[in-house]
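*Asks:* Sequence plus predicted model, see below.
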Amino acid sequence: MIKNSIKNFGKNLVYVFVPMGLVYLFMLLAVFVFIGAAVGDAGTTFTQLSELLNQSVEQSSASLADFFSYAVSQIDWNGSFMDTLQTIIDTNWLQNTLKGFVETLSQSTEGFEQSLTDICTQFAENIVADLTAAVVLCTVGLLLANLTTRYVLRSKVAKRNMKQFIVAHTLVPIFQTALLVASLILLATIRLYSLLVFVVFALLMCILSLCSSYLVYRDNGLKLKDVLTTKNVLQHLASICIILLINVAAAIVLYFINKLLAVILIIPILIYSANIVNLNTDSYVCTLAGDSAQTASSAAKA
């Protein structure tokens, strides 16, 4: 089974470009959507701020003139040009001047502070909404990449007829849920070291995967005892570990080559690997069912 799993991983590696294309297509769309929406929101906000400032400055011209006269008086104009320039661009002077400007408008213009708060709050809410839309678009891209990759790989690794499709989406989920709940209850009631719990849980997941594949691809000549063996369970777990190590090694190599390249490539590689792992038991049981049917046919002819 290990040989079959690694063979599936290597033989279908070209299909890693399926999730790669979809993931980064949606990421680019998300970036363009976010930038476009954010620029539009920023333009609207600046327009609103400009209108608010123009109206407020007209109403508070006298107060602003007094304030700026005071602010300018804080600068020593008798020193050297560089000293004066340093004072003007000094962060504290600029911050105090801007703060005083806003406070002057707030005191002399009715409703200025509330209007300014409303505009800033609306801009922040719009940016959050734009970011949320971009994240949702990326999530849709990941889900679509996963589903498409699984569909393409299944057509190459373990095809299903209509009966198998129905069983896989009706009986198997019920069986998986029941076994998973029972496994979790069992693990919760026994006291084991965390590493041992992880190993036991991993073995249970391998058993679940083999049983689920058997329910879908079984025929009259294939028995559960032929599929669910200690050897198959351990080999399936070993194949998962090998593929995981391949992913870790690929991530390390890509990281040392280029960090950006590592980020770009590791996501589709993980999607591809996860789907191959999920399909390996299907492929193995499908092969056993085919061999069983062929043997039964040969025996009938004899």
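*Replies:* Okay, I see it.
*Asks:* Using CSV, write out the CA atom coordinates for the host helix or strand of Leu210.
*Replies:* Assigned by DSSP states H and E, Leu210 belongs to helix 194-217. Provided in CSV are the C-alpha atoms of helix 194-217 (Å, rounded to 0.1, in the frame of the first residue of the first chain):
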residue,chain,number,x,y,z
SER,A,194,-0.8,13.1,24.7
LEU,A,195,1.6,11.6,22.2
LEU,A,196,0.1,8.1,22.6
VAL,A,197,-3.4,9.7,22.2
PHE,A,198,-2.3,11.2,19.0
VAL,A,199,-0.9,7.9,17.7
VAL,A,200,-4.1,6.1,18.7
PHE,A,201,-6.3,8.8,17.0
ALA,A,202,-4.1,8.6,13.9
LEU,A,203,-4.6,4.8,13.7
LEU,A,204,-8.4,5.2,14.2
MET,A,205,-8.5,7.7,11.3
CYS,A,206,-6.6,5.2,9.1
ILE,A,207,-9.1,2.5,10.1
LEU,A,208,-11.9,4.9,9.3
SER,A,209,-10.5,5.7,5.9
LEU,A,210,-10.1,2.1,4.9
CYS,A,211,-13.6,1.2,6.1
SER,A,212,-15.1,4.1,4.2
SER,A,213,-13.3,3.1,1.0
TYR,A,214,-14.5,-0.4,1.4
LEU,A,215,-18.1,0.7,1.8
VAL,A,216,-17.9,2.6,-1.5
TYR,A,217,-15.9,0.2,-3.7
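*Asks:* Counting neighbours, show which residues of that helix come out buried.
*Replies:* Neighbour-count burial for helix 194-217 flags 203-217 (criterion: 16 or more other Cβ atoms under 10 Å). The way it works is simple: take the backbone N, C-alpha and C, and place the C-beta from them, glycine included.
*Asks:* neighbours around Phe17, how many?
*Replies:* Per other Cβ atoms under 10 Å, the neighbour tally for Phe17 reads 12.
*Asks:* now swap in Lys156 and tell me
*Replies:* Neighbours of Lys156 under the rule other Cβ under 10 Å: 13.
*Asks:* Begin at 35, not 1, for the rest of this chat.
*Replies:* Shifting the count to begin at 35 puts that one at Lys190.
*Asks:* Identify the residue spatially nearest to it, adjacent ones excluded.
*Replies:* Here the nearest residue to Lys190 in space, its sequence neighbours aside, is Asn46; by Cβ to Cβ, 6 or more residues apart in numbering that works out to 5.8 Å.
*Asks:* hang on, that neighbour packs against Arg188?
*Replies:* No - the pair Asn46 and Arg188 does not pass the contact test of Cβ atoms under 8 Å, sitting 10.5 Å apart.
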